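Student: My questions concern the predicted model and sequence given below.
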Amino acid sequence: MNTMRIMKTLPRQWRSISRCSVLSQEIIHAASPMTVPVPEGGQKPVSSKIEKLVSEITTLNLLEVSELSQVLKKRLNLPDAPLMPAGGFAAAAPAVPIEEEEVAPKAVKTSFTVKMSKFDEKQKVALIKEVKSLLEGFNLVQAKKFVESVPTIVKADISKDEAEKLKVALTKVGAVVEIE
């Protein structure tokens, strides 16, 4: 009789113990120290990971910094930024009257779009394989549908070097490619 009563109360006791442990976990989590927001104008605290990176970068010499910059530009696909003069902008000389045609500076294009307009039907299989290897995340079925949907944009907003490489690779396998 006594064991029967114990067997009936065990599940209830287990539930209450479980609830207590969950509540204690919530209390511990809620009692963890909160961060106080930094007032405006003050410096925000920096994470240890960022601090470590900064200390490593500051130990680099000028050549290593240049190499780091080139690698980051390539990996993050960033365009080259125009160089600023070391002393800032110098005082401009008095303006000489110039014709209106010369005043308008020509805009330098930094991002290009590669467009495939048509392809050679005899080299369709090779083109599909090339598209699969050039475009990330494409399988053969997607590459086939992509090639068959010509005219189409292969890649947009890329550097001139990358656009030229794509054009060369695709023209080798029978595609007619335009860079815009």
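Tutor: Arrived safely. Numbering: from 1, shown residues only.
Student: Which is the succeeding secondary structure element to the host helix or strand of residue 21?
Tutor: In the assignment (DSSP states H and E), residue 21 maps to helix 2-30. Using DSSP H and E, the next helix or strand after helix 2-30 towards the C-terminus is helix 48-58.
Student: which residues are contacting the helix or strand that that following helix is followed by?
Tutor: Counting by DSSP H and E, the next helix or strand C-terminal to helix 48-58 is helix 62-76. The contact list for helix 62-76 (CB atoms under 8 Å, 6 or more residues apart in numbering) reads 57, 60, 78-80. Using the backbone N, CA and C atoms, a C-beta is placed for each residue, glycine as well.
Student: farthest pair in the residues you listed?
Tutor: 60 and 79 (23.0 Å; CB to CB).
Student: contacting residues around the nearest residue to residue 131 once chain neighbours are set aside?
Tutor: Distance criterion CB to CB, 6 or more residues apart in numbering; nearest residue to residue 131, sequence neighbours excluded, is residue 143 at 4.4 Å. For residue 143, the contacting residues are 128-129, 131-132, 135, by CB under 8 Å, 6+ apart.
Student: Looking at those, which is nearest residue 25?
Tutor: residue 135 (47.6 Å).
Student: ok, and for the one helix or strand residue 169 maps to, which residues are buried?
Tutor: Per DSSP H and E: residue 169 is located in helix 160-172. Neighbour-count burial for helix 160-172 flags 163, 166-167, 170 (criterion: 16 or more other CB atoms under 10 Å).
Student: And the furthest pair within these?
Tutor: 163 and 170 (10.8 Å).
Student: Quick check: residue 176 is in a helix.
Tutor: No: counting by DSSP: H, G, I helix; E, B strand; the rest coil, residue 176 is not found in a helix; it is strand.
Student: Tell me, what's the model's pLDDT at it?
Tutor: pLDDT recorded at residue 176 is 87.
Student: Okay then, goodbye and thanks.
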